[in-house]
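Chemist: Next comes the sequence, and after it the predicted model I'd like to discuss.
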Amino acid sequence: MKEETDKKPALTPKKMVLNIAIFLGLFFVTFWFIFRGQSLGAILAVIGRAHILPILLGFLCMFGYFAMESWNIMSLLKSFGEKITFFKALKFTMIGFFFCAVTPGASGGQPLEIYYMSKEKINAGNATIAILIQTCGIQIAVTAFGFICAILGHDILNEGPMLWLFLIGLLINAFALLILGLCILYPNGLRKVLKGFMNFLYYLGLKRARNWEKNIESGLDQYAESSKYIKTHRNEMIKSILKTFAQMAFFFTIPFCVYLAFGLSGHSFFMIFAMQAILFVSTSGLPIPGAIGASEGVFLSLYSAVFGEELLSSAMLLNRGINFYWFVIVSMVVVFINIVRLDRSSEQPKLKK
């Protein structure tokens, strides 16, 4: 592919600060709303009495989540001839995780991940294809896990708000997968349809339609390259999708580790796994940074019978701490270290030949 020009990131420092401020605001509002009338000290004391080995196993599952994505991205980039180590891929994965967490609908993760890859001499076109395939694999895994778990564990979903929230979430994920599939597998056909639609909008007097058309053309060029890659690297694609299934399986296992940490028994691994899959599907499509508030609320609703009233708030806090809060902090540190390192390297004078 042609090397793309070095563009500025879509998320400027000003926007980054604003997104982090909104994220923190939602975080504090969520904590106030959920824990009002409760003693945070008592909740933390309950967590302090939890068994350490299952908690460590939960963190290990979360590392498995990051490791599978990093391995996937590394393998895809190496298939293009890019030189990249696992630890460098892990750094890019952490960067993507942070920006997904602090931007609405996880919209900032992939573009910023590609941007920082290109800053480290990875072809931006190759990086884009790798991230597109990874994203497509995640959508396949999430949609499949959500659908299967809802069918086999239908007792988890009762009639009411939870059922509708799940159905809407499943529809959003399935629609996103459909659009991704059309973009990757049939980019030229989709190009004609969208071009006709943009012409129609322009005919109606919407002058911006021409600019939108240019952006769509640029994006579909990347999808066309992805389509070529998939047709010539089918085995690599199958491996990539299997890795994303393993990645999400690690993530959905974490609540069971929390369950074991409190010394509980009586509920099966599958039931607790299925609840997390349903939770993820229900909240992942919401335009809220990190699904803050929604994830916590759905956890309290789904897992109330599993943990009981006394342990429920502590279990939610521990689970969310393992699979989100702690790694937002870690990934933020990775992002700022990377920014400082890149700034220092750009300031060093180049030697004349």
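Modeler: That came in fine, so what should we check first?
Chemist: Run through the stretch 1-150 of the chain and note the low-pLDDT ranges.
Modeler: Within the stretch 1-150 of the chain, the segments meeting pLDDT under 70 span 1-13.
Chemist: residue boundaries of the helices in it?
Modeler: For the stretch 1-150 of the chain, the helices defined by DSSP state H, counting those that start in this stretch cover 13-35, 40-48, 52-79, 86-102, 109-119, 124-152.
Chemist: Need these in CSV (columns: distance to Gly308).
Modeler: Any C-beta I mention is one placed from the backbone N, CA and C, and that applies to glycine too. Listed next are the helices of the stretch 1-150 of the chain as CSV, based on distance: least, CB to CB, whole Å:
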stretch, distance to Gly308
helix 13-35, 17
helix 40-48, 11
helix 52-79, 17
helix 86-102, 30
helix 109-119, 35
helix 124-152, 22
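Chemist: To Thr232, which of those helices lies closest?
Modeler: Thr232 lies closest to helix 52-79 among those, at 9.9 Å (CB to CB).
Chemist: Work out the gap between the closest one and the centre of the chain.
Modeler: 13 Å (CA atoms, centre = their mean, to the nearest Å).
Chemist: Can you list the buried residues in that helix?
Modeler: 54-55, 57-62, 64-77, 79 (16 or more other CB atoms under 10 Å).
Chemist: Check stretch 99-108 too.
Modeler: Buried residues in stretch 99-108, defined by neighbour count with 16+ other CB under 10 Å: Phe99, Cys100, Ala101, Val102, Thr103, Ala106, Gly108.
Chemist: and if you look at stretch 31-49?
Modeler: Ile34, Ile43, Val46, Ile47.
Chemist: roughly how far apart are the last one and Ser240?
Modeler: Counting by CB to CB, to the nearest Å, the gap between Ile47 and Ser240 amounts to 37 Å.
Chemist: now swap in the first one and tell me
Modeler: In this structure, Ile34 and Ser240 are separated by 37 Å, where distance is defined by CB to CB.
Chemist: With the third one instead?
Modeler: Using CB to CB, one obtains 41 Å as the distance from Val46 to Ser240.
Chemist: still on that earlier bit, now for the helices of the stretch 1-150 of the chain, which one comes closest to Leu180?
Modeler: Among those, the nearest to Leu180 by CB to CB is helix 124-152 (4.9 Å).
Chemist: Please identify the buried residues of the next helix or strand after the closest one?
Modeler: Sequence order places helix 161-185 as the next helix or strand after helix 124-152, per DSSP states H and E. For helix 161-185, the neighbour count (16+ other CB under 10 Å) marks 162-163, 165-166, 169-170, 172-174, 176-177, 180, 183-184 as buried.
Chemist: Now do helix 161-185: everything it contacts.
Modeler: Residues outside helix 161-185 that contact it (CB atoms under 8 Å, 6 or more residues apart in numbering) are 132, 135-136, 139-140, 142-143, 146-147, 150, 157, 189-190, 219-220, 223, 226-227, 230, 278, 281-286, 298, 301-302.
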